[in-house]
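# my questions concern the predicted model and sequence given below.
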Amino acid sequence: MGSKGLLYLVTEKFANFDLHPDVVSNAEMGTIFEELIRKFAELSNETAGEHFTPREVIRLMVNLLFVEDDAVLSQPGVVRTIYDPAAGTGGMLSVAGEYLSEHNPDARLTMFGQELNDESYAICKADMLIKGQDVNNIIAGNTLSDDGHRSKKFDYMLSNPPFGVDWKKVERQVRREHEVDGFDGRFGPGLPRVSDGSLLFLLHLVKSDYERFLLARARIMERAVRFACQGKSLDLAEIMDTEIESAETPSADLSPAIAE
């Protein structure tokens, strides 16, 4: 903003408001911050599929994500990891952290993410810094072509990836991973049409999850894919069947790693 001569104009606008903590509470400032992000996200999202996810929707998703683990997450000093491959401004990670802190102040949720849009990435990283998270866990770049957390597994994953966006720009890298890495990579089960980037994110999430959770989540994915593809010629069911077979294969070590 400084180089474009906008910093003074923006600062001048804020100087006209009394934002002292005695006047505006932390909760109210949080609401203002969310509204500003929502407003400018709607104005700047020029690509189909990019959108701001309302906090109410995120809270519902977080509740569904954690509901089965209430007993474990209530234990003193519990540490878990969460990952969003399309982190945006970090809203899902933040709400997940807030939820866990409210239910167990002694718990710690270590957050990981990756974001393609530079502006959203900067906001997400700033938010993580304020929350005391390791900002190095937030990676800039395209998750599909350059996985910033390739060797990591996570306890929880929560994401709202771009819908209706093709993967033409990264087709070469994706096809290479599919052909060269096979099931050692993320896209071993198969590739969808170039016009469907959503399924690639789903395959990426399955590969990033702990193996003991793969089967249940793969079956949820299967039902969603079958429903979404009714009447279409694309045989995504075959891809999901292959993924489920892979998930059903026993593993020698099914215990989740706990962050130090």
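Okay, I see it. Numbers count the residues shown, from 1 in each chain.

# C-alpha from now on. contacts and neighbour counts both.
Will do.

# where along the protein do the helices fall?
Remark: helices assigned in the chain by DSSP state H are 7-15, 26-44, 55-66, 70-73, 91-103, 118-130, 171-176, 198-208, 211-228, 236-248.

# list phi and psi for the nearest residue to V174 once chain neighbours are set aside.
By the measure of CA to CA, 6 or more residues apart in numbering, the closest residue to V174 outside its immediate chain neighbours is S145, 6.0 Å from it. With angles defined as degrees, to the nearest 10, S145 shows backbone torsions of phi -100, psi -20.

# over to K4?
Note on K4: its backbone torsions stand at phi -100, psi 10 [degrees, to the nearest 10].

# show me the domain layout of the chain.
53-160, 162-260 (automatic domain parsing).

# looking at these, which is buried most?
Comparing the domains of the chain by mean neighbour count (mean count of other CA atoms under 10 Å), domain 53-160 ranks first with a mean of 18.

# average pLDDT across that one?
Confidence for domain 53-160, expressed as mean pLDDT, is 90.

# ok, stretch 177-190 next?
Averaging pLDDT along stretch 177-190 yields 89.

# repeat that for stretch 14-23.
The average pLDDT within stretch 14-23 is 84.

# please compute how far that stretch lies from its chain's middle.
Relative to the centre of its chain, stretch 14-23 is centred 33 Å away, using CA atoms, centre = their mean, to the nearest Å.

# what of stretch 114-126?
Between the mean C-alpha point of stretch 114-126 and the mean C-alpha point of its chain there is a distance of 12 Å (CA atoms, centre = their mean).

# which residues sit against that stretch?
The set of residues external to stretch 114-126 that reach it, using CA atoms under 8 Å, 6 or more residues apart in numbering, is 84-91, 135, 138-143, 148.

# for beta bridges, what are the partners of the most centrally placed residue in the chain?
If you average the C-alpha coordinates of the chain and look for the closest C-alpha using CA atoms, centre = their mean, you land on D84, 1.9 Å from that point. Bridge pairing for D84 (DSSP bridges) gives the partners G113.

# touching, it and F154? I think so.
No - taking contacts as CA atoms under 8 Å, D84 lies outside contact range of F154: 10.0 Å.

# quick one: contacts of stretch 91-106?
Residues outside stretch 91-106 that contact it (CA under 8 Å, 6+ apart) are 53, 55, 58-59, 62, 73-78, 82-84, 87, 107-109, 111, 124, 128, 158-159.

# could you dump the domains of the chain to JSON lines with distance to E12?
Written out in JSON lines, the entries for the domains of the chain read as follows (distance: least, CA to CA, whole Å):
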{"stretch": "domain 53-160", "distance to E12": "21"}
{"stretch": "domain 162-260", "distance to E12": "36"}
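
# for N16, find the nearest of those.
domain 53-160 (23.7 Å; CA to CA).
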